[in-house]
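**Student:** Next come a sequence and a model predicted from it.
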Amino acid sequence: MLWIEKLKKRWNVDSAGKVLVILLVFALTGTSVVLIRRWLKASFDWAHESWFTYSYYWLILPFYNVMLLMYGFIFGQFRFFWEFEKRFFRRIVSLFKRKK
């Protein structure tokens, strides 16, 4: 279980149970996004496949992040995922600042 110890240290959590809950939240969020994509694709007649793909990838980022926070709240790890999201968006903003 060395990998759990590494994740405990990296994520600054105090138990292996919290690590497993965090991994469960990531898994549920990813699975939900895939299922929603399948449903959207099957429910609507997309005349242009490329249009759907580009739209999906632009819209999925904020939706994924909101779902991550929702699942984190449901499983009692909202604070962890809130901090995770703040770090994530700081990195994105810093990438755009470097390009200027």
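**Tutor:** It's in. The shown structure was predicted, so the numbers you read here are calculated from the model rather than taken from an experiment.
**Student:** all contacts plus neighbour counts: C-alpha atoms, from now on.
**Tutor:** Will do.
**Student:** can you give me the helices in this structure?
**Tutor:** Taking DSSP state H as the test, the helices found in the chain are 2-11, 16-43, 49-74, 78-99.
**Student:** Now mean pLDDT and mean neighbour count too, for those helices, in CSV please.
**Tutor:** Formatted as CSV, these follow (pLDDT from 0 to 100; neighbours: other C-alpha atoms under 10 Å):
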stretch, mean pLDDT, mean neighbour count
helix 2-11, 94, 13
helix 16-43, 92, 15
helix 49-74, 87, 14
helix 78-99, 88, 12
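**Student:** So Phe26 sits against Leu68, correct?
**Tutor:** Yes: at 7.0 Å, Phe26 counts as touching Leu68 under the criterion of C-alpha atoms under 8 Å.
**Student:** Could you check how far the closest residue to Met70 other than its chain neighbours is from Asn65?
**Tutor:** Among residues not flanking Met70 along the chain, Phe78 sits closest, at 7.7 Å (C-alpha to C-alpha, 6 or more residues apart in numbering). The gap separating Phe78 from Asn65 is 12 Å, by C-alpha to C-alpha, to the nearest Å.
**Student:** same question, Tyr54
**Tutor:** Distance, Tyr54 to Asn65, by C-alpha to C-alpha: 18 Å.
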